[in-house]
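Undergrad: coordinates only, sequence not included:
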């Protein structure tokens, strides 16, 4: 029977084999004495006349050695956590001895912010949290 063998180089060859010849015998004939394994009989139902066999090569080696995890030289940066102040709105107002309520913080002058939008107090400036306007502090 005649079968077609496609080689690794891309060449296609027509080879005549007997029905009781094994795949190992065929591989030995095609590989010119290289060590190959195969014991399946070619006359089985799997391989018929004019079927195409593909030659495949095995690869040696594998993936490189596993790399080590890099050791960090500096500690991780801690995020800033806001400190919650209980009843913080009491710091915005003061009750005088006459019984009047006095505002301790300035209101934002922008009309979009409204009347009750107070400016945050920083070291060197006053800042509105709503419209992000900055007013420098005067001593």
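TA: Perfect, thanks for sending it. Computed from a predicted structure; not experimentally measured.
Undergrad: I'd like the next helix or strand past the helix or strand bottoming out on mean pLDDT in the chain.
TA: When each helix and strand of the chain is scored by mean pLDDT, DSSP states H and E, strand 52-54 comes last, with a mean of 59. For strand 52-54, the following helix or strand on the C-terminal side (DSSP states H and E) is strand 93-95.
Undergrad: What lies in contact with that following strand?
TA: Applying Cβ atoms under 8 Å, 6 or more residues apart in numbering, the set of residues contacting strand 93-95 from outside is 101-104. For glycine as for every other residue, the C-beta is placed from the backbone atoms N, C-alpha and C.
Undergrad: Which residue ranges make up each domain of the protein?
TA: The record's domain parsing of the chain by automatic domain parsing lists 2-54, 88-136.
Undergrad: Endpoints of the shortest one, how far apart?
TA: Distance between the boundary residues of domain 88-136 (Cα to Cα, to the nearest Å) amounts to 23 Å.
Undergrad: ok, the contacts of strand 93-95 vs residue 116, which is closest?
TA: Each of the contacts of strand 93-95 was scored against residue 116 by Cβ to Cβ, and residue 103 proved nearest at 9.8 Å.
Undergrad: how near is that closest one to residue 92?
TA: Look at residue 103 and residue 92: by Cβ to Cβ, to the nearest Å, they are 7 Å apart.
Undergrad: overlap in contacts of the two?
TA: Residues touching both residue 103 and residue 92 (Cβ under 8 Å, 6+ apart): none.
Undergrad: contacting residues around the one helix or strand residue 120 maps to?
TA: Assessed by DSSP H and E, residue 120 sits inside strand 119-121. Strand 119-121 has contacts (Cβ under 8 Å, 6+ apart) with 105-108, 126-129, 135.
Undergrad: Sort out for me which of the contacts of strand 93-95 are in strands.
TA: 101-103 (DSSP state E).
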